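Undergrad: sequence first, then the predicted structure, then my questions.
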Protein chains: 2
Amino acid sequence: MDELRPPTLLALPSYLAGHVARIGRRELAGALEKRGLRLPHFAVLAGLSDFGPLAQHALADRLGLNRSHLVGYLDELERRDLVGRERDPDDRRRQRVTLTEAGKALTGELKREAGRSQDVLLAELSAKERETLISLLRRVVVADDRAQAGTE
Amino acid sequence: MDELRPPTLLALPSYLAGHVARIGRRELAGALEKRGLRLPHFAVLAGLSDFGPLAQHALADRLGLNRSHLVGYLDELERRDLVGRERDPDDRRRQRVTLTEAGKALTGELKREAGRSQDVLLAELSAKERETLISLLRRVVVADDRAQAGTE
DNA sequence: ACGACATGATTACACGACGGAACAAATGAC
DNA sequence: GTCATTTGTTCCGTCGTGTAATCATGTCGT
């Protein structure tokens, strides 16, 4: 079988990782699209589900999202009653973002969809290899998070 | 140290891979920007370097690029005398794209820059772990290439 | 040889993800 | 009380990608 892609690029982890990400997102993005949502919406829901209510700036930082873009994502989620925004009485600049019951339910569904999509993505790998891959990727991300935190 | 990112997302390979890709591209994109180029330009140069002269549609397919976008990338590269376009006399619809001498020289430079950027990206991992990561990522990409080739 | 269809390159338009500037309201430091 | 900082927001630009329409060329059926 022919080597389709250029060996130079197949040797670059960033190129490979980019393609793996796109492959994995195809399915999940499809599931989200059926519900009229996109990937960052899912990230927001997942963040609120994991961390509980947060101010917008804290949520944006934890997700690596730009604060200005989070505004639009929350507008949409709030419009659908998936999240609620309440002014923090202790600091009235802050908006406390909370998952509604409907938001919790949808997040649960989407988490399951996400799990399924990753099974498809990693079908080629054994269970042990999947763990290895995830662990290596996570170490690279975490190391960079630390480095960025240090230089900022 | 606090867990910054949501565990739900840190368990998703596609999320992790996406971030790793962005981290790795930061450096390379910086090196390219100094030369007024962007990532797809590098992919084009790398493809031509690995495969030799190709028609545009073949090049686009091998790089996973949209044919219509390749046009613009080649316009820019041609303007700088990094690549040449010649009509194929056997099929005058086709444009044969070739690396010029200047293009070969720049591609060599950029490949070295790319190597360096990946060292930074994977600084956290041992040599053996890097190999493992690359090999696992590549298997996922190749498996998907085959699957896509089958369904098209 | 002719017409229908396919292929290759190009142009144009649209969208999703991202980065950053500028701003008003609210808060904090002094 | 004044000034700087924080928070959320609006706006604009860039990059990467998908898709439709167009035109020239080539291929195939008859």
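TA: Okay, I see it. Residues are numbered from 1 along each chain as shown, chains lettered A, B, ... in the order given.
Undergrad: which SS class is A:R93?
TA: strand (DSSP: H, G, I helix; E, B strand; the rest coil).
Undergrad: which ones are touching it?
TA: Neighbouring residues of A:R93 by Cβ atoms under 8 Å, 6 or more residues apart in numbering or on different chains: there are none. Just so you know, the C-beta spots here come from the backbone N, C-alpha and C atoms, and that holds for glycine as well.
Undergrad: per-residue confidence for it?
TA: Among the per-residue scores, A:R93 holds a pLDDT of 95.
Undergrad: ok, A:D61 - contacts?
TA: By Cβ under 8 Å, 6+ apart, the neighbours of A:D61 are B:L4.
Undergrad: which element is it on?
TA: Element membership for A:D61, per DSSP states H and E: helix A:56-63.
Undergrad: equivalent analysis for A:L137, please.
TA: Per DSSP H and E, A:L137 falls inside helix A:127-151.
Undergrad: number of nearby residues for A:K104?
TA: Counted with other Cβ atoms under 10 Å in any protein chain shown, the neighbours of A:K104 add up to 15.
Undergrad: residues in contact with the residue nearest to it when sequence neighbours are not counted?
TA: Nearest in space to A:K104, with sequence neighbours left out and distances taken as Cβ to Cβ, 6 or more residues apart in numbering or on different chains, is A:S49 at 7.0 Å. With contact set as Cβ under 8 Å, 6+ apart, A:S49 has these partners: A:L99, A:K104, A:T107, A:K111, B:P6, B:T8.
Undergrad: buried members of the residues you listed into PyMOL, please.
TA: Selecting only the buried entries of the contacts of A:S49 in PyMOL, with 16 or more other Cβ atoms under 10 Å in any protein chain shown as the criterion:
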select buried, (chain A and resi 99+107+111) or (chain B and resi 6+8)
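Undergrad: of the contacts of A:S49, which is the nearest to DNA strand D?
TA: A:L99 (15.6 Å; Cβ to the nearest atom of the strand).
Undergrad: up against DNA strand C, what does chain A have?
TA: A:A29, A:R38, A:L39, A:P40, A:L65, A:N66, A:S68, A:H69, A:D91, A:R92, A:R93 (Cβ under 7 Å from any atom of the strand).
Undergrad: what about DNA strand D: which of the residues you listed touch it?
TA: A:S68, A:H69, A:D91, A:R93.
Undergrad: noted, bye for now.
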